[in-house]
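Colleague: I would like the atomic coordinates for the input below:
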Amino acid sequence: MQICSVCSEHTPKYRCPACKIRYCSLGCYKNHKDSCLPVVSEVTEAKDSFYTETTEEELLHEEDIIDKVPLEKLQLLGQSNEMRDLLCNPHLRQLLRSIDSADVKDEAMKAAMQEPLFVEFSDQCMKLTAKGRDDS
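Modeller: The predicted model follows:
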């Protein structure tokens, strides 16, 4: 059962149109709206910056990759409502930013894996991409 992303007490009945988090009441919406971070604009900015700064060839060197998930299976992540809901959480977005900007990424990942929210995110990623792999 889902709980309100604002008060963490009641079952959510509504979804914020800007960031898609779920909330239970007008009071929770009013508490949330001042700190709301629209998902679409952040995702679009990140996507635009990713594609302008890095080419696929720079990221993917076939001979260096042991376990690669094909692009069409990675696209399942972008189509998932569960992933969208998780990415609405500002704490998770900050964790992802800190991993991305870390000098030693494997240490940052180990630290992030101590956070239940990040574990939930990584489990959801694995579930969606594994499901996609099983379908081929």
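Colleague: And the strands in the protein?
Modeller: 14-15, 22-23 (DSSP state E).
Colleague: Enumerate every residue touching Lys105.
Modeller: Residues near Lys105 by CB atoms under 8 Å, 6 or more residues apart in numbering: Ile99. For glycine as for every other residue, the C-beta is placed from the backbone atoms N, C-alpha and C.
Colleague: ok, the residue nearest in space to the middle of the chain to Ala111 distance?
Modeller: Relative to the mean C-alpha position of the chain, the nearest C-alpha, by CA atoms, centre = their mean, is the one of Leu87, at 3.6 Å. Separation of Leu87 from Ala111 (CB to CB, to the nearest Å): 19 Å.
Colleague: longest helix anywhere in this protein?
Modeller: Scanning the chain for the helix with the most residues, using DSSP state H, yields helix 116-134.
Colleague: Can you list the low-confidence ranges for the chain?
Modeller: 1, 39-68, 131-136 (pLDDT under 70).
Colleague: domains in it, as residue ranges please.
Modeller: Using the TED database, the domain parsing of the chain gives 1-35, 71-131.
Colleague: Using neighbour counts, pick out the buried residues of the first one.
Modeller: Neighbour-count burial for domain 1-35, counted by 16 or more other CB atoms under 10 Å, picks out 4-6, 12, 16, 19-25, 28, 32.
Colleague: and which of these is nearest to Glu115?
Modeller: Ser5 (16.8 Å; CB to CB).
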